[in-house]
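Visitor: build me a model:
(2 chains)
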Amino acid sequence: MILARGLRKSFGDFEAVKGIDVDVRRGEAFGFLGPNGAGKSSTMRMVAAVSPVSDGQLRILGLDPAVDGPSIRARIGVCPQEDTLDTELTVRDNLYVYGRYFGLPRKEVRSRVDELLEFVQLTEKSDAMVEDLSGGMKRRLTIARSLINRPDVLLLDEPTTGLDPQARHVVWDRLFRLKQQGVTLVLTTHYMDEAEQLCDRLVVMDKGVIVAEGSPLELIREHSTREVAELRFGVGEHDALAEKISDLGDRVEVLPDRLLVYSQDGEEVIAKVHERGLQPAAVLVRRSTLEDVFLRLTGRTLVD
Amino acid sequence: MAGLDHAAPVRSSAPANLLAGAARLFDYWAIAYKRTWKGSVISSFVTPLLYVLAMGVLLGGFIEGDPDKLEGATSYLAFVAPGMVAAQAMTTVFGEVTYPVMGMVKWHKSYYGMTASPLGVPEVILAHLGFVIFRVATTCAVFLAVMAPFGVFESVPGVIGAFFVQLLIGAAFATPIYAFSAGLKDESAFSLVFRLGMIPLFLFSGAFFPVANLDRWMEVLAKLTPLWHGVDLTRMLTLGEVDWALAAIHVAYLVALTLAGWFWAVRRLTRRMIS
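Guide: Numbering: from 1, shown residues only, chains lettered A, B, ... in the order given. Take a look at the predicted model:
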């Protein structure tokens, strides 16, 4: 569905994407995980055929965006990071006019609008003005809008950034349903839980390059341990204490507010910490996540 | 859910050409206008009436109806009527392609939604300009209709011709100002555009007095402005005294400005949006 080889994007002297290779297959949910500024959105804009490729090869649905931009855009759905809804139109009219941009007949658009309003649970809000909607509702409307042309690929740039936890879960639920229906999803996110929930396969991006690729489980298995023991000591003590317990796990990471000890058995780590007479203010044992993978690969956390 | 049936027979497509693409935006502009037209309908009747009374009837009462001094008009009202229509065409355009354009690029970002579809920047511009010309058409049609009973028009074909000239004046102002707005980062420049652009044009382009009354150098300057060409062309038609050679120059000037503005607009908005 999407194929990139040595894909680059520069803005003047600044290189946002520094040569990436990507293959997205039909029906999968593919993610770009990385912090802000990793080059995810620049990549997405190129894939959406609204931003020219600086160098390398890019094919979307087998087409070259430099030549067939309009044809590509006719067959993809785009849910941008920033809402571009028409705030002075009603919810229904937003979907309706958008369907018309795709050259769909009026009658066809009207029936799709009703279906999509139902799908994103906005039927009751159909005559409300967009400016009166909550952030979560606007997001769902944007998703509905991106589905009006029944796209072969749906691109979602940070689909839940800025939403409260409840609204995020509603969005995830809808995206999960789309995935079940066989819609190819491509999304960017800097939330590791979002990537874990939705993505079959993902690439981890940092500073314009891909640093790892695989399914969430593969990435965790490959780059982290099964469990993580989080230890919280007093402020400023973490660096010194890290040395004292560095032999307790495969690896110890020092964060400003806590120590992370990577090990197959987190409880055992904590027991040994106590045996050594250390008294952490708080402890937590959890499974490794993509956050740990990212930390391992880049030495930094995802959300700064 | 049945709504996402990928085997659906109706497929979206890229538009066949620029015009077909712009036509896809018709419903957007129609729906947007439906929400706002009521606010403008009363003023579009009252404004010309006030102008005709104040400028034509009251001020005109102090001015001798000498055709030699009024470019062939037998009354000041007949002289000023075409000027007022042309000036109205211009001010309508200034209103429509300044803040609204910036709103669609910068504030609401509606243009970005449009160009995520198969439509491109030229289609988006053409549709917006089409709407602007529609606004000029309705405003000027009302203006001409309100003035007709005052007996300021020589002939029906002349008025119809004058109406189409207003669309040309509208286009000649719309494309370059649109281009300016499309690339503008900050709206504060608009107040300068209005004060140093629109108002001097409005006052000194022969709409309200013959430019021959100006100093020689100011007269030359006035005759270089697009509004003077529009006013003079409109006046020829409403007074029924057409100098065809000069009229051709007026038309050529306004068409050239429209085209130059169009290419500039496409270039500037593309640079702004496609990076």
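
Visitor: helix, strand or coil for A:Lys9?
Guide: Per DSSP: H, G, I helix; E, B strand; the rest coil, the local secondary structure of A:Lys9 is strand.

Visitor: could you do A:Glu88 as well?
Guide: Look at A:Glu88: counting by three-state DSSP, its state is coil.

Visitor: and the spatially closest residue to it that is not a sequence neighbour, how many neighbours?
Guide: By the measure of Cβ to Cβ, 6 or more residues apart in numbering or on different chains, the closest residue to A:Glu88 outside its immediate chain neighbours is B:Arg35, 6.6 Å from it. C-beta: built from backbone N, CA, C; applies to glycine. Burial of B:Arg35 is recorded as 13 neighbouring residues (other Cβ atoms under 10 Å in any protein chain shown).

Visitor: how near is B:Arg35 to B:Phe45?
Guide: The gap separating B:Arg35 from B:Phe45 is 20 Å, by Cβ to Cβ, to the nearest Å.

Visitor: next one: A:Leu3
Guide: A:Leu3 is 60 Å from B:Phe45, by Cβ to Cβ.

Visitor: give me the neighbour count for the residue in the stretch 51-200 of chain A that chain B sits nearest to.
Guide: Going by Cβ to the nearest Cβ, chain B is nearest to A:Glu115 of the stretch 51-200 of chain A, at 3.0 Å. Other residues near A:Glu115 come to 18 when the count uses other Cβ under 10 Å.

Visitor: ok, now how distant is it from B:Cys140?
Guide: Taken as Cβ to Cβ, the span from A:Glu115 to B:Cys140 is 43 Å.

Visitor: now swap in A:Glu131 and tell me
Guide: 33 Å.

Visitor: same deal with A:Glu118?
Guide: Using Cβ to Cβ, A:Glu118 is found at 45 Å from B:Cys140.

Visitor: those two: who's more crowded?
Guide: More neighbours surround B:Cys140 than the other of A:Glu118 and B:Cys140, with 26 against 14 (other Cβ under 10 Å).

Visitor: the helices in the stretch 151-300 of chain A, which residues?
Guide: Remark: helices assigned in the stretch 151-300 of chain A by DSSP state H, counting those that start in this stretch are A:165-180, A:192-198, A:216-223, A:238-244, A:266-275, A:290-298.

Visitor: rank the ones you listed by mean pLDDT and give me the bottom one.
Guide: Lowest mean pLDDT of the helices of the stretch 151-300 of chain A: helix A:238-244, a mean of 82.

Visitor: can you pull the buried residues of that helix?
Guide: A:His238, A:Leu241, A:Ala242 (16 or more other Cβ atoms under 10 Å in any protein chain shown).

Visitor: for stretch A:3-21, same thing?
Guide: So, applying 16+ other Cβ under 10 Å, buried residues of stretch A:3-21: A:Ala4, A:Leu7, A:Arg8, A:Lys9, A:Glu15, A:Ala16, A:Val17, A:Lys18, A:Gly19, A:Ile20.

Visitor: just give me the closest of those to B:Gly113.
Guide: Nearest to B:Gly113 among these is A:Lys9, at 21.9 Å by Cβ to Cβ.

Visitor: now do that closest one, the pLDDT please.
Guide: What the model reports for A:Lys9 is a pLDDT of 96.

Visitor: gap between the residue most central in space within chain A and A:Val171?
Guide: Of all residues in chain A, the one closest to the mean position by Cα atoms, centre = their mean is A:Thr189, 2.2 Å from it. Plainly put, A:Thr189 is 11 Å away from A:Val171 if you go by Cβ to Cβ.

Visitor: ok, now A:Gly62?
Guide: 30 Å.

Visitor: over to B:Gly95?
Guide: Taking Cβ to Cβ, one finds B:Gly95 at 39 Å from A:Val171.

Visitor: neighbours of the closest residue to A:Ser10 other than its chain neighbours, just the number please.
Guide: Leaving aside its chain neighbours, A:Ser10 sits nearest to A:Ser54 (4.7 Å; criterion: Cβ to Cβ, 6+ apart). The tally of other residues near A:Ser54 (other Cβ under 10 Å) stands at 15.

Visitor: can you give me the pLDDT of B:Glu64?
Guide: On the pLDDT scale, B:Glu64 is placed at 88.

Visitor: for B:Val46, same thing?
Guide: 88.

Visitor: packing partners for the helix or strand harbouring it?
Guide: Per DSSP states H and E, B:Val46 falls inside helix B:26-51. Counting contacts by 3 or more Cβ pairs under 8 Å, 6 or more residues apart in numbering or on different chains; DSSP states H and E, helix B:26-51 packs against helix A:91-101, helix B:76-96, helix B:121-147.

Visitor: mind doing that once more with 10 Å?
Guide: Under the contact criterion of 3 or more Cβ pairs under 10 Å, 6 or more residues apart in numbering or on different chains; DSSP states H and E, helix B:26-51 touches helix A:91-101, helix B:76-96, helix B:110-115, helix B:121-147.

Visitor: am I right that the residue nearest to A:Glu88 is in contact with A:Thr90?
Guide: Yes - the pair B:Arg35 and A:Thr90 passes the contact test of Cβ atoms under 10 Å, sitting 9.1 Å apart.

Visitor: common neighbours of those two, please.
Guide: Listed as contacting both B:Arg35 and A:Thr90 by Cβ atoms under 10 Å, 6 or more residues apart in numbering or on different chains are A:Met129.

Visitor: how about the nearest residue to B:Gly261, chain neighbours excluded?
Guide: The nearest residue in space to B:Gly261 (Cβ to Cβ, 6+ apart) is B:Thr175, at 2.7 Å.

Visitor: and the helix or strand containing the one you found, how far from the chain's centre?
Guide: Using DSSP H and E, B:Thr175 maps to helix B:156-183. Relative to the centre of its chain, helix B:156-183 is centred 4 Å away, using Cα atoms, centre = their mean, to the nearest Å.
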